[in-house]
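Participant: here is my input; please provide its structure:
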Amino acid sequence: MWARVLQGSARVIAGFESTKLARALKSISVPRVLGPAVLLASARPALGAGLPGSGAAAHAIRSWSTAAGASAAVTTFQEMGLAGWLLVDLAINWAGWGLSCLLKTDKLYDMFGTGSFLVLAAGSLALTPPQTARKVLVSALVGVWAVRLGSYLVARVHKIGHDSRFDDVKHRPGVFLFYWTMQAVWVWVTSLPVLMINTAAAGRPLRWYDAFGVVLWGLGLAVEAVADAQKSTWRQDPAHKGRFINTGLWSLCRHPNYLGEMALWWGVFFTCVGGFTQLQQAASVASPLFVFLVLRYMSGIPIQDRQAQQRWANDPQYAAYRAATPLLLPRPSRVLAALAGSGGSGGAPGSSSSCSSKDVAQ
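Facilitator: Predicted coordinates for the structure are as follows:
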């Protein structure tokens, strides 16, 4: 069912954006983009070197030509809407691929992935006035998450020295390019609600009920960050080498980091919904659905569960933990017990990342 909803959203977005892209491409014309330069060229003979003030006039025309050309380019880019930001997203990640191939490294992947989120959120906010409170808020939600996750992932890969996901592909440029392109798709689809809000010329002001989305985002971010920190601390203890984590949030469910990731993107979507003015914008529900589908059925939980079962197949403690601990949603009784200070200890496999480029590429 979720897959059909996601496919329907994709068709709506594609139809909506193809119309905008066609209009934008039609608007690109020689007079519009090159007009200032043509005017400057025709004006130069009249601005003879011997005329008083001719140098200042020529300089003024050159400045106006540059500004007018840049303005026309920005206007055309704005008219391209989501398609324009998809091109920016692809350009960033393909540049990261090229640099990674040149340097023969796999350490740039997560930095470019989370950095793409920052560029799309900040860029769409800056280039499409007016900058309303809702636009600033949802862009900030994405920015805080991207900085938090990006700094964590980048620090981790530099500490380890390599990214094991790419051991077999980083020296095969064609295959490596596929991973980078998939990362770009992940960034763009996940950013859809914010892009829909930021690229809209009109919107609605913030209301009290928008607090629901912000609170949900905050809870999700906190769960994800705490789960990552707990896993990192666990791994640093030599006594835990070869063991699955059995403390904190990981005693409540087997993948608390993924639970937090899913929750925070639903929070972003709900914060954006109140500002939608067109029915087509609701198709951006593809964002949290995509995050859920990727983590639950594709590259997140299935891979981590398979690795865990292979690693601890003969461990009776892990088998007992797996049978007693929910996959994603903690049992209310266990949450209440943990809050009361009497939470039990289990163990959870799982990774220390979220629905990031790391997961999408696996």
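
Participant: quick one: contacts for W266?
Facilitator: With contact set as C-beta atoms under 8 Å, 6 or more residues apart in numbering, W266 has these partners: G213, L216, G220, P288. To be clear about C-beta, it is placed using only N, CA and C from the backbone, and glycine gets the same treatment.

Participant: and the next helix or strand past the helix or strand hosting it?
Facilitator: Under DSSP states H and E, the secondary-structure element containing W266 is helix 256-273. For helix 256-273, the following helix or strand on the C-terminal side (DSSP H and E) is helix 286-293.

Participant: angle of the helix holding W266 against helix 286-293?
Facilitator: 170 degrees (axes from the mean of the first three to the mean of the last three C-alpha atoms, to 10 degrees).

Participant: now find how far off-centre helix 256-273 is within its chain.
Facilitator: 12 Å (C-alpha atoms, centre = their mean, to the nearest Å).

Participant: can you check stretch 309-319 too?
Facilitator: Put simply, stretch 309-319 sits 34 Å off its chain's centre (C-alpha atoms, centre = their mean).

Participant: and it, end to end?
Facilitator: This stretch, stretch 309-319, spans 9 Å end to end (C-alpha to C-alpha, to the nearest Å).

Participant: list the buried residues of it.
Facilitator: Judged by neighbour count using 16 or more other C-beta atoms under 10 Å, the buried positions of stretch 309-319 are W312, D315, Y318.

Participant: distance to V185, secondary structure and pLDDT added to these, as JSON lines?
Facilitator: Output for the buried residues of stretch 309-319, formatted as JSON lines (distance: C-beta to C-beta, whole Å; DSSP: H, G, I helix; E, B strand; the rest coil; pLDDT from 0 to 100):
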{"residue": "W312", "distance to V185": "33", "secondary structure": "coil", "pLDDT": "89"}
{"residue": "D315", "distance to V185": "37", "secondary structure": "coil", "pLDDT": "88"}
{"residue": "Y318", "distance to V185": "34", "secondary structure": "helix", "pLDDT": "90"}
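
Participant: any chance of JSON lines for these, columns distance to G115?
Facilitator: JSON lines is the format used below for the buried residues of stretch 309-319 (distance: C-beta to C-beta, whole Å):
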{"residue": "W312", "distance to G115": "35"}
{"residue": "D315", "distance to G115": "39"}
{"residue": "Y318", "distance to G115": "37"}
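
Participant: so which of those is the closest to P256?
Facilitator: Closest approach between those and P256, by C-beta to C-beta: Y318, at 16.8 Å.

Participant: now that closest one. Nearest residue, chain neighbours left out?
Facilitator: In space, and not counting its chain neighbours, Y318 is closest to W312: 3.8 Å by C-beta to C-beta, 6 or more residues apart in numbering.

Participant: my guess is the one you found meets F244, correct?
Facilitator: Yes: if you go by C-beta atoms under 8 Å, W312 and F244 touch, sitting 6.1 Å apart.

Participant: what are the contacting residues of the helix or strand hosting V185?
Facilitator: Per DSSP H and E, V185 falls inside helix 173-190. Outside helix 173-190, the residues that touch it by C-beta under 8 Å, 6+ apart are 82, 85-86, 89-90, 92-94, 96-97, 100-101, 109, 112-113, 116-117, 120, 165-166, 169-170, 195, 265, 286-287, 290-291, 294, 355, 357, 360-361.

Participant: ok, back up a step: quick check: the residue nearest to Y318 vs T247, distance?
Facilitator: Going from W312 to T247 by C-beta to C-beta, to the nearest Å gives 16 Å.

Participant: can you give me the helices for the stretch 201-350 of the chain?
Facilitator: Taking DSSP state H, counting those that start in this stretch to define them, one finds helices in the stretch 201-350 of the chain at 211-236, 256-273, 286-293, 301-311, 316-324, 332-339.

Participant: distance to T181 added to these, as TSV?
Facilitator: TSV is the format used below for the helices of the stretch 201-350 of the chain (distance: least, C-beta to C-beta, whole Å):
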stretch	distance to T181
helix 211-236	25
helix 256-273	21
helix 286-293	16
helix 301-311	20
helix 316-324	35
helix 332-339	40
